[in-house]
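# dropping the sequence and predicted coords here.
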Amino acid sequence: MARLIPPSQNSDQTIIPTGSTDVPLTYFRLVTLAPGESITDHQENFELLVVVLSGSVDVRVAAQSFESVGRRDSVWAGNADSIYVGTNSEVQITAKDHPAEIAIAGGYTTENFSPFRIEPEEVECVEVGSIETHSKRSIRHILGQAANGRAGNLLVSELYAAPGCWSGYPPHKHDQENPPDETAFEEVYHYRFNPKTGFGGQYHYRDGEDPSCVMTQHRSTFVVDDGYHPTSTSPGHEGYIFTILVGKHQRSLIQKFEPQHEHLMAGIPGLQSMRDKFK
């Protein structure tokens, strides 16, 4: 199943609620806070990650306080500063002296995990593709495999696509639990473009079925539970995708590339490194 959620300018929107019909293991909320404004969040049997998209906030989880989280003016200005909330704890987030935008990503789990901070210097970056192959992108793993043993099956990253380039390419999927060839994950893409007038294409298809394509715009969200799902970015615009992945059975993500396009893999730099960082 796949669907496009149109852009919204709401200051507080739960884009993917817990228990949704298409991606029931995933949670996604976007919030913009005025200076000094606070919000709380708590989702039973969900691990949560607070990612500061812009501005700076104070975060409190149970008895722990994390001060001045967030060092960038926008998603285009460096790596994210984030707080892993853990499981079954209420989190309170308060903006400091300027407006702040935060993303809260969640994944279902029955295990208990403790909070910790992921500072910008701890974000793992992988460069993939090239301008020549129209596939250049940078993947910045916020909650990646470095959190093994400290988190459940939730993976969160930010992807930056060069103008006119593709990501999720060659086409891949991750809808069957068949290790070591493939593992099953839900996925949510949240799009931004620079400048905001940018747009892209989100493709989706399953083996033996007709494909579909939708136009992505600034603040669009795309939900996918199965099938191949490559994306493209319009020339003249940088693309950004806030990516949430939740494993249905494990934390290790293994993508299966479409067999008819596997010959392209040798010509796109960094693909193996990308795969290794997800496993």
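Done, it's in.
# any chance of the backbone angles for the nearest residue to residue 198 once chain neighbours are set aside?
Once flanking residues are discounted, residue 198 sits nearest to residue 237: 2.9 Å by CB to CB, 6 or more residues apart in numbering. Any C-beta I mention is one placed from the backbone N, CA and C, and that applies to glycine too. Here is the backbone geometry of residue 237 (degrees, to the nearest 10): phi -140, psi 140.
# with the one 3 residues further on instead?
Dihedral angles of residue 240 (phi, psi; degrees, to the nearest 10) stand at phi -130, psi 140.
# ok, now how distant is it from residue 154?
Separation of residue 240 from residue 154 (CB to CB, to the nearest Å): 20 Å.
# do residue 257 as well
24 Å.
# and for residue 222?
For residue 222 relative to residue 154 (CB to CB), the value is 18 Å.
# same question for residue 47.
The value you get for residue 47 to residue 154, if CB to CB is used, is 5 Å.
# do residue 104 as well
11 Å.
# what strands flank the longest strand seen in the chain, and is each parallel or antiparallel?
Longest strand of the chain, by residue count under DSSP state E: strand 46-61. Using DSSP bridges, strand 46-61 pairs in its sheet with strand 64-72 (antiparallel), strand 81-87 (antiparallel), strand 91-95 (antiparallel), strand 100-108 (antiparallel).
# output the shortest one as PDB, nothing but the C-alphas.
Taking Å, rounded to 0.1, in the frame of the first residue of the first chain, the C-alpha atoms of strand 91-95 are listed here in PDB:
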ATOM      1  CA  VAL A  91       8.400  13.900  26.600                       C
ATOM      2  CA  GLN A  92       8.100  17.700  27.100                       C
ATOM      3  CA  ILE A  93       9.600  20.000  24.500                       C
ATOM      4  CA  THR A  94       9.900  23.800  25.000                       C
ATOM      5  CA  ALA A  95      11.200  26.300  22.400                       C
END
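# so which bits of that strand are buried?
Within strand 91-95, the residues that count as buried by 16 or more other CB atoms under 10 Å are 91, 92, 93, 94, 95.
# of all the residues you listed, which comes closest to residue 17?
Nearest to residue 17 among the buried residues of strand 91-95 is residue 91, at 16.7 Å by CB to CB.
# next one, pLDDT for the closest residue to the closest one other than its chain neighbours please.
In space, and not counting its chain neighbours, residue 91 is closest to residue 85: 4.7 Å by CB to CB, 6+ apart. At residue 85, the model reports a pLDDT of 98.
# show me what contacts residue 85?
Neighbour list for residue 85: 47, 48, 49, 50, 61, 91, 115 [criterion: CB atoms under 8 Å, 6 or more residues apart in numbering].
# could you redo the last one with a cut-off of 10 Å?
Contacts for residue 85 were tallied using CB atoms under 10 Å, 6 or more residues apart in numbering; they are 41-43, 46-50, 59, 61-62, 64, 66, 91, 93, 104, 106, 113-116.
# tell me the spacing between it and residue 120.
18 Å.
# tell me the bridge partners for the residue positioned nearest the centre of the chain.
With distances taken as CA atoms, centre = their mean, residue 243 lies nearest the centre of the chain, 1.4 Å away. Beta-bridge pairing for residue 243 (DSSP bridges): residue 157, residue 189.
# run through the residues that contact it.
Here residue 243 is in contact with 105, 139-142, 155-159, 167-168, 187-190 (CB under 10 Å, 6+ apart).
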